[in-house]
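> sharing a model prediction with you, sequence too.
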Amino acid sequence: MQWLLVIASSLLLFVVAPFARTTAQFFGGAKKDRAPSTIALISSLVISWLFAKSITNGANLGLAFGLVGGVAYAAYYFGFAVAGWVIYRMRTKGGFRSIHHFLETRFGKSAMVVFSLLICFRLFNEIWSNTMVIGSYFGGVGDTAYYAAILVFTGLTLAYSLKGGMSSSILTDVIQMVFFGILITVILLAIMPRVDYDVAPILTSGEWTLATGGNLLLVAILQSFSYPFHDPVMTDRGFLSDPKTTLKAFLWAAPIGFVCIILFSVVGIYGQIEGVQGQAPVEVAKLLGGPILLVMNFIMVTSAASTLDSTFTSFSKLAVMDLGVGKTEALPQVQHPVSEENGTDEKSAPHFSGGSKKTVTAGRLAMVTITVFGTIPVFLNPAILSATTISGAMVAGLAPVFCLWWVKAPPLSFWLSIGFGLLCGFLLIFGSWPEYLTVSTGKYADLLGVTLVELVGCFGLYLLPMLFARK
C-alpha cells in the first residue's frame, strides 16, 4: 500500500502538471502569460517549507521538549515576513529584478558567484535530507527497500518537474497544500480521542527555559534575518508576481506555516505523553494503527515531493537564468518598467525573456544534474537535522547584506560579513567553537552562542568599511 501511495500520487501530479514550452512558463511559473495568484503563492511558499525533514524535526522537537519545541521550530517561519518585506522594498524602491541582480549590481560578479555557491549547498542538502525521510518509512538504513523507495520517489518527482518547471511546481504545490491540510486533520482527529479530547496536557507540555527548547527558539528568531535569503525556493517566489501580491503572500505564509508546524508538533507531544522513543512520526503512527501509518506516510510523500520539485526548479533557474551556465551570459529576468532610481511600477509583473527552447532544455538538464549529485549523500547516511542547522549557522553574514540593502556599502562589506559568518559556521561544524562564547546551557546552547556572535560581528564588519570611508 505504501508503494501504491508513492507511485499513484506521483503519477497524478505528472498528469496534472502543465508542459512548459517557454522560459516564462518553465522558469517564471506563468500560466497563459499570467503570473501566479496570491493563493497560489501562499500555498507554494508554505508547502515548500513544510519539508519532510521539517515536519519530522517539528514532531521530534515536540517529543523532546513539548510545545516549546514545536514553537521553537515554527519560529523559523518569521523569516517569511522578513524576506517578504525586504524583497518588496528591493523591488519597489530599488528596482531590482532578482536577488542575483541586486548582488551583482552592488557588490560585483564575484559576490554573486559566491552567494550562488552558498545556495547550491542549500539545494544540495534539500534533496538527500528529504528523500532519506521517505526511505525511513520503507525500511531501515541499508535495507534494499529503503534505497529503492528513495530512488523511485526521487525519479517520479523529477519526471513531473521536468515536464513543467516552475509552472508544475506552483500548481502541484497548491494540490499538495490541500492534501497536507486534510491529512494533518485526520491525524489530529485520531490523537484527540486518545487524550480524552483534553488539550491541557498538550498546551502545558514542556518547560519554557533556554535549556529545554528556548535556545532553539531564540536561534530561529535570530536566523530569520539571514536564513531565508539563502533559500532560493523562497526568494525565487518573491519575483514571480507583482510586488503587492507577493508581499501579501509572504505575510500570510508566515502565520499559516507557523500554525502548520505547531499542529504537526502535536504528534511528538502526544508521543511524549505516551513515552515513545525514536522518530516521533513513525512511532506515534504505529501507536495509532495501520491506517494512520499510511496517512503519515502520505503526508511525508506530499511534503517531500513539494520540496524536491521546488529544489529542482530553483537549481535550474539558478544555473541557466542567473549564472547562464553553458551560455555566453546570464539571461535577464525582465520586469517592466525597471528603474534603479524610481523603482518598479506596483502593477508590473516579472516575466522571463531572452530565452528559447534551448534555454528550457538547459534547465531540464540542470534538474537532472542536481538530482544525481543530491542523491549521492543518501548512501553516506548524514544527519538530517544538520541540513538545517549547519547551513543556517554558516549564512548569518547575509543578514546585513539584505536587511540593510538600501545602504550603499562597498564590496568589502559583503566579503567581511560573509567571511565572518562562514568562519563561525566552520568552527561550530568542527567542534572548535570556544566554550566561553556559549551564553546558555542545554541543547542548542552552542548554536545560540554562535548565532549571537555572528550577528553582532557580521553587522559590525559590514558597516566598518563605511565608517573608515567617512573618516
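Here it is on my side, so go on.
> now the chain, which segments are flagged as low pLDDT?
With pLDDT under 70 as the threshold, the chain has low-confidence stretches at 33, 52, 326-356, 381-391, 470-471.
> what segments of the stretch 251-400 of the chain are helices?
Ranges of helices in the stretch 251-400 of the chain, per DSSP state H, counting those that start in this stretch, are 280-288, 290-317, 357-375, 386-394, 398-403.
> so of the ones you listed, which one's packed in deepest?
helix 290-317 (a mean of 25; mean count of other CB atoms under 10 Å). The C-beta positions use only the backbone N, C-alpha and C, and glycine is treated the same way.
> re earlier: format the helices of the stretch 251-400 of the chain as a markdown table; extra columns: distance to Asn125.
What follows is the helices of the stretch 251-400 of the chain, written out as a markdown table (distance: least, CB to CB, whole Å):
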| stretch | distance to Asn125 |
| --- | --- |
| helix 280-288 | 20 |
| helix 290-317 | 9 |
| helix 357-375 | 8 |
| helix 386-394 | 4 |
| helix 398-403 | 16 |
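> among those helices, which is nearest Ile184?
Ile184 sits nearest to helix 290-317 of all the helices of the stretch 251-400 of the chain, at 6.7 Å, using CB to CB.
> how far away from the center of its chain is that closest one?
13 Å (CA atoms, centre = their mean, to the nearest Å).
> so for Leu427, which of the helices of the stretch 251-400 of the chain sits nearest?
helix 386-394 (9.3 Å).
> what residues of stretch 216-225 count as buried?
Leu216, Leu217, Leu218, Val219, Ala220, Leu222, Gln223, Ser224, Phe225 (16 or more other CB atoms under 10 Å).
> ok, stretch 196-211 next?
Ile202, Ser205, Gly206, Leu210.
> before we move on, what about stretch 85-97?
Under the neighbour-count criterion of 16+ other CB under 10 Å, stretch 85-97 has Val86, Ile87, Tyr88, Arg89, Met90, Arg91, Thr92, Gly94, Gly95, Phe96, Arg97 buried.
> any idea which of the residues you listed is closest to Thr311?
For the buried residues of stretch 85-97, the nearest to Thr311 is Ile87 (19.6 Å; CB to CB).
> quote the end-to-end distance of stretch 428-445.
11 Å (CA to CA, to the nearest Å).
> and the gap between the most centrally placed residue in the chain and Cys260?
Computing the C-alpha centroid of the chain and ranking residues by CA atoms, centre = their mean puts Trp49 first, at 4.6 Å. Per CB to CB, to the nearest Å, Trp49 is found 9 Å from Cys260.
> also Pro377?
On the measure of CB to CB, Pro377 and Cys260 end up 27 Å apart.
> when these two are compared, which one has more neighbours?
Cys260 (24 against 17; other CB atoms under 10 Å).
> wait, doesn't the more buried one sit right on Leu45?
No. Here Cys260 lies out of contact with Leu45, judged by CB atoms under 8 Å, at a distance of 11.5 Å.
> ok, Ser167 - contacts?
Listed by CB atoms under 8 Å, 6 or more residues apart in numbering, the contact partners of Ser167 are Ala17, Pro18, Ala20, Gln25, Phe26, Gly29, Ala30, Lys31.
> out of those residues, which are inside helices?
Taking DSSP state H as the definition of helices, the contacts of Ser167 contribute Gln25, Phe26.
> and the two most separated of the contacts of Ser167?
Ala17 and Ala30 (14.4 Å).
> for the stretch 1-150 of the chain, what spans make up the helices?
Going by DSSP H, counting those that start in this stretch, the stretch 1-150 of the chain shows helices at 2-16, 23-26, 38-49, 52-65, 67-74, 78-92, 99-107, 109-136, 144-164.
> what's the fifth one packed up against?
Going back to what we said before, that points to helix 67-74. helix 52-65, helix 214-223, helix 243-274 (3 or more CB pairs under 8 Å, 6 or more residues apart in numbering; DSSP states H and E).
> as a markdown table, these with distance to Arg364 would be great.
Shown next, in a markdown table, are those (distance: least, CB to CB, whole Å):
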| stretch | distance to Arg364 |
| --- | --- |
| helix 52-65 | 24 |
| helix 214-223 | 33 |
| helix 243-274 | 26 |
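> and among these, the most buried is which?
Highest mean neighbour count among the helices and strands packed on helix 67-74 (mean count of other CB under 10 Å): helix 52-65, a mean of 27.
> between the helices and strands packed on helix 67-74, which one is closest to Met296.
helix 243-274 (8.1 Å).
> orientation of the closest one relative to helix 78-92 in degrees?
Helix 243-274 and helix 78-92 are oriented at 170 degrees to each other (axes from the mean of the first three to the mean of the last three CA atoms, to 10 degrees).
> helices or strands up against helix 243-274?
Short answer (3+ CB pairs under 8 Å, 6+ apart): helix 243-274 packs on helix 38-49, helix 52-65, helix 67-74, helix 78-92, helix 166-191, helix 200-203, helix 280-288.
> so which of these comes closest to Asp242?
The minimum distance between Asp242 and the helices and strands packed on helix 243-274 falls on helix 78-92, with 9.0 Å, by CB to CB.
> who touches that closest one?
Under CB under 8 Å, 6+ apart, the answer for helix 78-92 is 45, 49, 96-97, 102, 220-221, 223-225, 227-229, 234-235, 238-239, 243-244, 246-247, 249-251, 253-254, 257-258, 335, 343-344, 346, 402-403, 405-406.
> try 6 Å this time
Outside helix 78-92, the residues that touch it by CB atoms under 6 Å, 6 or more residues apart in numbering are 96, 224-225, 227-228, 234, 238, 243, 247, 250-251, 253-254, 343-344, 402, 405.
> so how far is that helix off the chain centroid?
With CA atoms, centre = their mean as the basis, helix 78-92 stands 15 Å off its chain's centre.
> for the buried residues of stretch 85-97, give me CSV that also has distance to Gln279.
Below are these laid out as CSV (distance: CB to CB, whole Å):
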residue, distance to Gln279
Val86, 35
Ile87, 35
Tyr88, 39
Arg89, 41
Met90, 40
Arg91, 41
Thr92, 44
Gly94, 44
Gly95, 47
Phe96, 42
Arg97, 43
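> just those residues now: which is nearest Ser9?
Ile87 (31.8 Å).
> can you tell me the closest non-neighbouring residue to Thr307?
Leaving aside its sequence neighbours, Thr307 sits nearest to Phe51 (CB to CB, 6 or more residues apart in numbering; 4.4 Å).
> now the helix or strand containing Ala469, how far from the chain's geometric center?
Taking DSSP states H and E as the definition, one finds Ala469 inside helix 445-470. Centre-to-centre, helix 445-470 and its host chain are 24 Å apart (CA atoms, centre = their mean).
> how about that helix: buried residues?
Within helix 445-470, the residues that count as buried by 16+ other CB under 10 Å are 445-455, 457-459, 461-463, 465.
> which other helices and strands contact it?
With contacts taken as 3 or more CB pairs under 6 Å, 6 or more residues apart in numbering; DSSP states H and E, helix 445-470 sits against helix 214-223, helix 398-403, helix 411-429.
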